[in-house]
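K.L.:
prediction below, plus the sequence it came from.
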Amino acid sequence: MTGSDQARELLRAAYENRYTWDANFPGYHADVILTHGAECHRAKVRLGPDLKFAVTEASDPAAAEQIRNQMWEIAVHRVRRPFEETHAQNIFSLGETDQTGAVEILVGGKGAGDRYKVRDREVCMVHRHIHGVVVTIHTFSSHHTPEGYLSHRYDSVYHDPQTGAQKGERSEFTDLFTQVGGYYILTQRTIRTETQLTQFSFENVEVLEPVPV
């Protein structure tokens, strides 16, 4: 097996070890409490089996937009998509192995300039060019389930792809999940920066009833 093949298989194993929702995912609804400093806002959310979502009864328009952003993040990371569909146009090569045993995987082809680190069948670092910026995410701990892993503690920071200058503050995340109806669903996300603390709490989570055929 070539180095390129080894890199692809390492990333594939970690990619397929992520926790995602299967084709029978029924969707759910929940109450949301957004706490931002001294402010507290409430809303209701619904995420359908097609992973389309709605935010209703929000107590503040700006809070509703923040909640919509989080719902988009939730949905996009639980989508089950074949590895080859996502990475068919990428070429991989092995980089260095750090002192923790994490193997760097360098990306060429369509995703040229991106890179990952993989350790114990988990992606522990992502460095990607997305929408005109570079985002770097380090994962520090994970939740382990029989169906795959979920990131627990991680950070993110954005940089200008041309100058390398940091854009905005570094954010630290802590995610908590609860199993509802056989599916792991985010019930709390805490986001810390140097200047602020934001928390999204999802309460009264219930899976949706199947639509009669």
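P.N.:
Noted; the coordinates are in hand.
K.L.:
just checking: what are the partner strands of the strand ranked longest in the chain?
P.N.:
Longest strand in the chain by number of residues (criterion: DSSP state E): strand 166-180. Strand 166-180 pairs in its sheet with strand 148-159 (antiparallel), strand 183-192 (antiparallel), by DSSP bridges.
K.L.:
dump the longest helix anywhere in the chain to PDB, keeping only the CA atoms.
P.N.:
Across the chain, the longest stretch assigned as helix under DSSP state H is helix 61-78. C-alpha atoms of helix 61-78 as PDB (Å, rounded to 0.1, in the frame of the first residue of the first chain):
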ATOM      1  CA  PRO A  61     -34.600  38.300  16.400                       C
ATOM      2  CA  ALA A  62     -30.800  38.300  17.000                       C
ATOM      3  CA  ALA A  63     -31.100  35.300  19.300                       C
ATOM      4  CA  ALA A  64     -33.200  33.500  16.700                       C
ATOM      5  CA  GLU A  65     -30.400  34.000  14.100                       C
ATOM      6  CA  GLN A  66     -27.800  32.600  16.600                       C
ATOM      7  CA  ILE A  67     -30.000  29.600  17.200                       C
ATOM      8  CA  ARG A  68     -30.500  29.000  13.500                       C
ATOM      9  CA  ASN A  69     -26.700  29.000  13.100                       C
ATOM     10  CA  GLN A  70     -26.400  26.300  15.800                       C
ATOM     11  CA  MET A  71     -29.100  24.200  14.200                       C
ATOM     12  CA  TRP A  72     -27.300  24.300  10.900                       C
ATOM     13  CA  GLU A  73     -24.100  23.200  12.600                       C
ATOM     14  CA  ILE A  74     -26.000  20.300  14.300                       C
ATOM     15  CA  ALA A  75     -27.600  19.100  11.100                       C
ATOM     16  CA  VAL A  76     -24.500  19.300   8.900                       C
ATOM     17  CA  HIS A  77     -22.400  17.300  11.300                       C
ATOM     18  CA  ARG A  78     -25.000  14.500  11.700                       C
END
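K.L.:
okay, which residue is most central for this structure?
P.N.:
His77 (4.6 Å; Cα atoms, centre = their mean).
K.L.:
run through the residues that contact that one.
P.N.:
His77 is in contact with Arg18, counting by Cβ atoms under 8 Å, 6 or more residues apart in numbering. For glycine as for every other residue, the C-beta is placed from the backbone atoms N, C-alpha and C.
K.L.:
pLDDT on the longest helix of the chain, on average?
P.N.:
Regarding helix 61-78, the rounded mean pLDDT is 95.
K.L.:
touching whichever helix or strand comes after that helix from outside, list them.
P.N.:
Downstream of helix 61-78, the first helix or strand assigned by DSSP states H and E is helix 83-87. Surrounding helix 83-87, the residues in contact under the criterion Cβ under 8 Å, 6+ apart are 8, 11-12, 15-16, 111.
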